[in-house]
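A.B. asks: turn this into a structure:
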Amino acid sequence: MPPQPQRSRPPSPRSAARIIVWAALCAFIAAALVAGAAAWWLWRPLTLASPVVELSIEPGMTPREVAQGWVTAGVATSPDLLFEWFRWSGQARRIRAGSYAVEPGTTPRQLLDKMVQGDEQLETVRLIEGWTFRQFRQALAQAPHLRPATASMSEAELMQALGRPGVAPEGRFFPDTYRYSRGVSDLTVLKRAHQSMQQRLETVWASRESGLPLQTAEEALILASIVEKETGRAADRGRIAGVFVNRLRIGMPLQTDPTVIYGLGDAFDGNLRKRDLQADTPWNTYTRRGLPPTPIAMPGLAALRAAVQPEVSKDLYFVARGDGSSVFSPTLEAHNRAVNQYQRGGR
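C.D. replies: Now for the predicted structure:
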């Protein structure tokens with residue numbers, strides 16, 4: 001008879017158990033190796049192409065785009081690996097838009113924490129009380145890492161972009177120190193400064209003294225800008241405001257040099273002459289009564305408050321002593337004596 005084919009014997013229960021144990025052990029070892037490699041990578045500082053690597057994360061960017069963005073910016077790792085870490089952590093959707101910077105020593109774990117916590121790389125720009133809008137724009141143009149979106153805009157176009165068409169920009173932006181993310185536009189900073197001035201003006205106007213010769217918050221803003229430019233010493237601010245309020249009450253011209261200078265614009269050479277005081281412009285408060293048509297500078301909070309809460313007095317005049325302070329007088333005769341003493345050397 002021909003030989004019969006041999007049938008394979010099924011593994012014994014003991015052999016099957018041994019195979020399962022070995023398979024599980026191999027799987028465990030593989031998982032442990034993967035986990036160890038992952039832990040090593042997560043705690044190991046990333047290699048950077050430069051001392052500082054920066055990335056601006058725009059709203060709407062996906063975690064994968066963020067991972068690729070870091071690699072493109074100079075983080076030497078796999079974008080897929082970085083993305084998988086974002087996804088595996090469960091925090092991928094919590095990554096915040098903004099401008100970030102990483103330095104040597106930053107690990108993948110720290111990088112993700114930075115973006116989730118919104119630990120941005122911020123810059124600052126300081127806008128000074130008493131500056132004109134032109135000076136504000138110059139400061140923004142020189143601010144580091146601020147995108148000049150408004151550089152080619154006229155003042156009218158800029159106000160249109162801010163949703164205030166037809167409004168003059170002078171006086172509309174609150175002087176303060178502003179922090180911003182790298183890469184944002186100057187329009188973003190201007191929007192914040194504009195909103196800040198609006199909020200403060202509304203609050204201050206609501207706290208105004210009764211009986212003021214001011215009809216609107218707009219007029220308070222204009223007066224505050226004059227007070228800001230005329231004040232040499234903070235302690236005199238309320239009294240200076242009181243002088244201008246007293247003049248407005250009796251219909252006396254304000255006769256303040258800063259308004260004349262503002263009206264002259266580029267024609268002003270630093271020396272205010274008699275002919276300048278006589279040159280009529282909408283801002284010449286020697287030739288025209290009442291407030292000028294617009295603010296002449298950006299007033300700070302103290303000037304805004306002084307305009308609506310002026311110091312009560314009978315003063316109608318003041319003259320600078322030369323040390324920043326002023327001498328106040330209720331009559332022209334007394335004022336002339338003060339001018340003679342402090343401006344003309346007693347002549």
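A.B. asks: OK, contacts around the closest residue in space to residue 171 that isn't next to it in sequence?
C.D. replies: Nearest residue to residue 171 in three dimensions, chain neighbours excluded: residue 295, at 2.6 Å (CB to CB, 6 or more residues apart in numbering). In short, each C-beta sits where N, CA and C put it, glycine included. Going by CB atoms under 8 Å, 6 or more residues apart in numbering, residue 295 touches 170, 171, 172, 221, 222, 224, 225.
A.B. asks: of these, just say which sits nearest to residue 99.
C.D. replies: residue 172 (26.7 Å; CB to CB).
A.B. asks: quick check on that closest one: phi, psi?
C.D. replies: phi -90, psi 0 (degrees, to the nearest 10).
A.B. asks: hang on, it packs against residue 155?
C.D. replies: No - contact criterion CB atoms under 8 Å: residue 172 and residue 155 do not qualify, at 10.4 Å.
A.B. asks: quickly list what's touching both of those two.
C.D. replies: residue 133.
A.B. asks: the more surrounded of the two?
C.D. replies: Higher neighbour count among residue 172 and residue 155: residue 172, with 22 against 15, using other CB atoms under 10 Å.
A.B. asks: for the helix or strand residue 226 falls within, packing partners?
C.D. replies: Per DSSP states H and E, residue 226 falls inside helix 217-230. Applying 3 or more CB pairs under 8 Å, 6 or more residues apart in numbering; DSSP states H and E, we find helix 217-230 packed against helix 186-206, helix 237-250, helix 257-264, helix 301-308.
A.B. asks: show me how far it is from its chain's centre.
C.D. replies: Centroid displacement of helix 217-230 relative to its chain, using CA atoms, centre = their mean, to the nearest Å, is 23 Å.
A.B. asks: mean confidence score for it?
C.D. replies: Per-region confidence: helix 217-230 scores 98 on mean pLDDT.
A.B. asks: with stretch 292-303 instead?
C.D. replies: 98.
A.B. asks: list the buried residues in that stretch.
C.D. replies: 292, 294, 295, 296, 297, 298, 299, 300, 301, 302, 303 (16 or more other CB atoms under 10 Å).
A.B. asks: strands of the stretch 1-150 of the chain, start to end?
C.D. replies: 53-57, 98-102, 122-126 (DSSP state E, counting those that start in this stretch).
A.B. asks: show me where pLDDT drops low in the stretch 201-347 of the chain?
C.D. replies: Residue ranges of the stretch 201-347 of the chain with pLDDT under 70: 345-347.
A.B. asks: show the model's pLDDT score for the closest residue to residue 64 other than its chain neighbours.
C.D. replies: Ranked by CB to CB, 6+ apart and with sequence neighbours excluded, the top spatial neighbour of residue 64 is residue 83, at 4.8 Å. Among the per-residue scores, residue 83 shows a pLDDT of 95.
A.B. asks: over to the one 3 residues further on?
C.D. replies: Residue 86 carries a pLDDT score of 94 in this model.
A.B. asks: could you count how many residues lie near it?
C.D. replies: Using other CB under 10 Å: residue 86 sits among 23 other residues.
A.B. asks: kindly report the same for residue 64.
C.D. replies: 16.
A.B. asks: now the helix or strand containing residue 337, how far from the centre of its chain.
C.D. replies: Assigned by DSSP H and E, residue 337 falls within helix 332-342. Computed by CA atoms, centre = their mean, the chain-centroid distance of helix 332-342 equals 44 Å.
A.B. asks: in that helix, what's buried?
C.D. replies: 335, 338, 342.
A.B. asks: my read: the last one touches residue 319, true?
C.D. replies: Yes - between residue 342 and residue 319 a contact is recorded at 5.8 Å, counting by CB under 8 Å.
A.B. asks: can you list residues touching both of those two?
C.D. replies: residue 327.
A.B. asks: quick check: residue 268 touching residue 276?
C.D. replies: Yes - with contact defined as CB under 8 Å, residue 268 reaches residue 276; the gap is 7.5 Å.
A.B. asks: the two: which has the busier surroundings?
C.D. replies: residue 276 (19 against 14).
A.B. asks: show me the contacts for residue 169.
C.D. replies: Taking CB under 8 Å, 6+ apart as the test, what residue 169 contacts is 133, 155, 158, 159.
A.B. asks: mind redoing it with 6 Å?
C.D. replies: 133, 155, 159 (CB atoms under 6 Å, 6 or more residues apart in numbering).
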